[in-house]
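S.K.: Got a sequence here, can you model it:
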Amino acid sequence: MAPLGVALGLCAASSLTKIPNYAPAFLSFHFIWAYGVLSPRTLKQWYGIDHNESPRHDLNKYGDAAVKSGQITQKQLDMLRRNESAHANAVENYAFFVGAIGFASLAGVDRRLVNRAGLIYTIARVAYGFVYILVEDRLWSQLRGFTWWIGNCSCLYLLWQAGSELNA
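M.R.: Numbers count the residues shown, from 1 in each chain. Next up, the predicted model:
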């Protein structure tokens, strides 16, 4: 297996080195990230306001009451709401990433480019999740949009490269 620097195209490969395609690993990571790690259920369970019978409506139905009763603070409720939004955005964006990295892989885009774009997307989307959930300040929250665009531009880059390969 090639070292990571070679797989990302950052180091020269010998003629015998087979460059792996990490697209399946990136896809697996982002599925777990979007549907598992960013799932708002974990934090709602932590704060004791998770209702499995209708979890999508927990914060709307029980959030304000939990603040009034002192179970959570308004700041915590706001964070839980941002967590729901970050989760929804990660789920929505996952399809674009699947299409872009899958299309690039099947079109025969150089694996180093696929790996590099996948890593850039991963770093951007992880940063996006943290910024979305943890940053309350209006000015600093602009970092969220910046990381969103970095992730989406890496997908657009993959689609461009796939189109170039298909039309070569």
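S.K.: hey, let's count contacts and neighbours off CA atoms from now on
M.R.: Noted.
S.K.: Go ahead and produce PDB holding the CA coordinates of stretch 74-85.
M.R.: Taking C-alpha atoms only, stretch 74-85 is exported to PDB below (Å, rounded to 0.1, in the frame of the first residue of the first chain):
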ATOM      1  CA  GLN A  74     -31.200  28.900  26.700                       C
ATOM      2  CA  LYS A  75     -27.600  28.600  25.500                       C
ATOM      3  CA  GLN A  76     -27.800  24.800  25.500                       C
ATOM      4  CA  LEU A  77     -31.100  24.900  23.700                       C
ATOM      5  CA  ASP A  78     -29.600  27.100  21.000                       C
ATOM      6  CA  MET A  79     -26.700  24.700  20.600                       C
ATOM      7  CA  LEU A  80     -29.100  21.800  20.300                       C
ATOM      8  CA  ARG A  81     -30.900  23.600  17.600                       C
ATOM      9  CA  ARG A  82     -27.600  24.300  15.700                       C
ATOM     10  CA  ASN A  83     -26.800  20.700  16.100                       C
ATOM     11  CA  GLU A  84     -30.100  19.700  14.400                       C
ATOM     12  CA  SER A  85     -29.300  22.100  11.600                       C
END
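S.K.: Name the residues that touch it?
M.R.: Applying C-alpha atoms under 8 Å, 6 or more residues apart in numbering, the external contacts of stretch 74-85 come out as 38-40, 43-44, 59, 63-64, 67, 132-134.
S.K.: just curious, which of these is nearest to residue 118?
M.R.: Among the contacts of stretch 74-85, residue 38 lies closest to residue 118 (C-alpha to C-alpha), at 19.0 Å.
S.K.: I figured that closest one was touching residue 87, is that so?
M.R.: Yes. Because the distance of 5.0 Å satisfies C-alpha atoms under 8 Å, residue 38 is recorded as touching residue 87.
S.K.: in what helix or strand does residue 67 lie?
M.R.: helix 64-69 (DSSP states H and E).
S.K.: following that helix, which helix or strand shows up next?
M.R.: Assignment by DSSP H and E places the next element after helix 64-69 at helix 74-107.
S.K.: For residue 91, list the residues it contacts.
M.R.: Contacts for residue 91 (C-alpha under 8 Å, 6+ apart) come out as 34-35.
S.K.: Now for residue 38 and residue 87: what residues contact both?
M.R.: Common neighbours of residue 38 and residue 87 (C-alpha under 8 Å, 6+ apart) are residue 129.
S.K.: so where do the helices sit in this structure?
M.R.: 4-7, 23-32, 40-46, 58, 64-69, 74-107, 111-134, 142-166 (DSSP state H).
S.K.: Nice, that's everything, thank you.
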